[in-house]
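# The sequence and its predicted three-dimensional model are supplied below.
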Amino acid sequence: MTLKKDGDQFTIQLTGIPRNKHVGNNQVQLQISDDKSTVFHEFNLEVTNTDDKGSLTIKGKPQQNETLRAIVTDDDDINGSISYQWQRGGETIATGESYTLAQEDVNQIITVTATYTDARSDVKYSLNKSTGSIENVNDAPTIWGIPENLVDQDEYYSFTPKVEDIDDDKLSFSFSIENQPDWAEFDSNTGILSGTPNNYEVGLTSGIVISVSDGSVKEWSLLDIFGCRKLQFLLYNF
Ligand SMILES: [Ca+2]
Ligand SMILES: [Ca+2]
Ligand SMILES: [Ca+2]
């Protein structure tokens, strides 16, 4: 508010930009005083509504396995439905309101675009929002293989399990074994079970289980041979 003096007259100038929260009827009361008296002047100032662009936020933790949700708000309401497009590196990965982060998203930026029609102006808005870099969560390694389950006396036997880890934790693998045959050696760095049984070691070893850990979690994956977790090594004497 500014006050200008022009001879015996004063001009009061009231300036400002009304926001969405000021929409409606505003009652203004001006009060001016000198050292002898006070006078009032009242008037109504109506602020009419205009279209405001909405906003888009992403809720959820930017971490593998977490679900991100796109939230659109527009004070003027939304006409019809909102369409969503989730992208990673320019490739569309989902079109729903939410998206659950996967291993492929780790160390990537995810961007969502929400498109809607404003209920007041009928303007079609397209809003964008991006996450920060998506954090990894460790996944347990998987182990598989089809071992020979029969070896002759004095014959060399060797089995190497195959292992995969989607976090690329190859360097920290450690293997363990249950019910290791007496005649065989086990390498905890590679998971290789090998050896040559002699005449006195002929017999059946059952319940052999080889496991692998990626070092960062105490979660073990069992060697799963087509659903059978027990290997049997039958030795023949001839
Ligand atoms: Ca709007
Ligand atoms: Ca992971
Ligand atoms: Ca892992």
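Now that the structure is in, tell me what you want to look at. Ligands and ions are numbered 1, 2, ... in the order given.
# Return the residues in contact with the nearest residue in space to Ile78 that is not next to it in sequence.
Computed as Cβ to Cβ, 6 or more residues apart in numbering, the closest residue to Ile78 that is not its neighbour in sequence is Tyr116, at 4.9 Å. Every residue, glycine included, has its C-beta placed from N, CA and C. Residues in contact with Tyr116 (Cβ atoms under 8 Å, 6 or more residues apart in numbering) are 54, 72, 74, 78-83, 124-125.
# Which residue ranges make up the domains of the chain?
Following the assignment in automatic domain parsing, the chain carries domains at 2-47, 55-130, 142-236.
# what separates Ile146 from Lys162, distance-wise?
For Ile146, the distance to Lys162 equals 10 Å [Cβ to Cβ, to the nearest Å].
# ah, wrong one, I meant Tyr156
Taken as Cβ to Cβ, the span from Tyr156 to Lys162 is 20 Å.
# ditto for Ser55
Applying Cβ to Cβ to Ser55 and Lys162 gives a distance of 50 Å.
# Looking at those two, which is more packed in?
Ser55 (14 against 11; other Cβ atoms under 10 Å).
# Point to the helix or strand of this structure where mean pLDDT is at its lowest.
Lowest mean confidence among the helices and strands of the chain (mean pLDDT, DSSP states H and E): strand 221-222, at a mean of 52.
# For Gln103, give me the pLDDT.
Looking at Gln103, its pLDDT is 96.
# How many neighbouring residues does it have?
13.
# so it makes contact with Ile166?
Yes - judged on Cβ atoms under 8 Å, Gln103 makes contact with Ile166 at a distance of 5.0 Å.
# list the residues that contact both of these two?
Joint contacts of Gln103 and Ile166 (Cβ under 8 Å, 6+ apart) are Asp139.
# Run through the chain and note the low-pLDDT ranges.
Along the chain, segments meeting pLDDT under 70 span 216-238.
# for ligand 2, what are the nearby residues on it?
103, 136, 139, 167 (Cβ under 5 Å from the ion).
# for those, which one is nearest ligand 3?
Nearest to ligand 3 among the residues of the chain next to ligand 2: Asp167, at 3.6 Å, using Cβ to the ion.
# Going by secondary structure, that closest one is in what exactly?
Asp167 belongs to no helix or strand when assigned by DSSP states H and E.
# measure it to ligand 1 for me?
44 Å (Cβ to the ion, to the nearest Å).
# do the same with Glu155
Counting by Cβ to the ion - Glu155 and ligand 1 are separated by 79 Å.
# Share the number of residues neighbouring the closest residue to that residue other than its chain neighbours, please.
Spatial nearest neighbour of Glu155, excluding adjacent residues (Cβ to Cβ, 6+ apart): Thr196 at 6.6 Å. Using other Cβ under 10 Å, Thr196 is surrounded by 15 other residues.
# What values do phi and psi take at Thr196?
The phi/psi pair for Thr196 (degrees, to the nearest 10) reads phi -130, psi 110.
# Show me the beta-bridge partners of Ser211.
Ser176, Leu222 (DSSP bridges).
# if I look at it, how far off is ligand 1?
Taken as Cβ to the ion, the span from Ser211 to ligand 1 is 58 Å.
# wait, that residue sits on Phe175?
Yes - between Ser211 and Phe175 there is a contact under Cβ under 8 Å: 6.8 Å.
# Looking only at neighbour counts, state which of the two leads.
Phe175 (21 against 18).
# got a list of what the nearest residue to the more buried one once chain neighbours are set aside touches?
Spatially, and ignoring its direct neighbours in sequence, Phe175 is nearest to Gly191 (3.8 Å; Cβ to Cβ, 6+ apart). Listed by Cβ under 8 Å, 6+ apart, the contact partners of Gly191 are 143, 160-161, 163, 173, 175, 210, 212.
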